[in-house]
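1. 3D, please:
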Amino acid sequence: MYVPTKIFFTKGVGKHKDYLSSFELALRNAGIEKCNLVSVSSIFPPGCKRVSKEEGLKELKPGQITFAVMARNSTNEPNRLIASSIGVAIPADNSQYGYLSKFHPFGVKEKTAGDYAEDLAAQMLATTLGVDFNPESDWNEREQEFKMSGKIVKTFNITQTAEGDRTGLWTTVIAAAILLPHSG
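-> Residues are numbered from 1 along each chain as shown. Take a look at the predicted model:
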């Protein structure tokens, strides 16, 4: 049974005349181009430890099958604003799983995209916990956390934005959660 024990978050942007090459450059910018990425859905594993991007990248080997939750967006329209965001919601009880959401809009600034992705992840977690949730009334600004029927939930996001290249090159943005196996 494979259950990741570590997770890290990364983001990147790439520009190139070819669509696929702009994606490759975004992966390089994020530091994950050497992996065979396998897209997975949206569960933050119970007990999974968040590590820094630098620590996580050290554990990756060229060609490794690597599980990732990834948001991706591209444009070749000059000056068009694009975003990719991963929102995260983790319950205070780390024996329970959390959620990762993907959001990849056009015309949305970084803070707005990130906040929306966080709210989305928190809403998905609330349904799992069986509690009613309203992102506006359940947010505790001072403590920077959601309180759902007494269950404290930490949220954060990683978001990459860019404007389409003014000369019409393909511009790609990615945000990713990279799930790492137990090492040792």
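
2. from here on, contacts and neighbour counts on C-alpha atoms
-> Noted.

3. where does this structure dip in pLDDT?
-> Applying pLDDT under 70 to the chain picks out residues 1, 132-152, 182-184.

4. now the strands: where do they sit in it?
-> 6-16, 36-39, 43-44, 49-50, 65-75, 81-91, 98-103, 139-140, 145-148, 151-163, 170-180 (DSSP state E).

5. of these, which approaches Ala126 most closely?
-> In terms of Cα to Cα, the element of the strands of the chain nearest to Ala126 is strand 145-148, at 7.2 Å.

6. give me the residue at the spatial middle of the chain.
-> The chain has Ile86 as the residue nearest its centroid, 2.5 Å off, counting by Cα atoms, centre = their mean.

7. excluding covalently adjacent residues, which one is nearest to that one?
-> Distance criterion Cα to Cα, 6 or more residues apart in numbering; nearest residue to Ile86, sequence neighbours excluded, is Lys102 at 4.8 Å.

8. would you mind measuring from that neighbour to Ala71?
-> As judged by Cα to Cα, to the nearest Å, Lys102 and Ala71 stand 5 Å apart.

9. which neighbours do these two have in common?
-> Common neighbours of Lys102 and Ala71, using Cα atoms under 8 Å, 6 or more residues apart in numbering, are Ser84, Ser85, Ile86.

10. adding distance to Gly130, write those out as CSV.
-> Putting the shared contacts of Lys102 and Ala71 into CSV (distance: Cα to Cα, whole Å) gives the following:
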residue, distance to Gly130
Ser84, 28
Ser85, 25
Ile86, 23
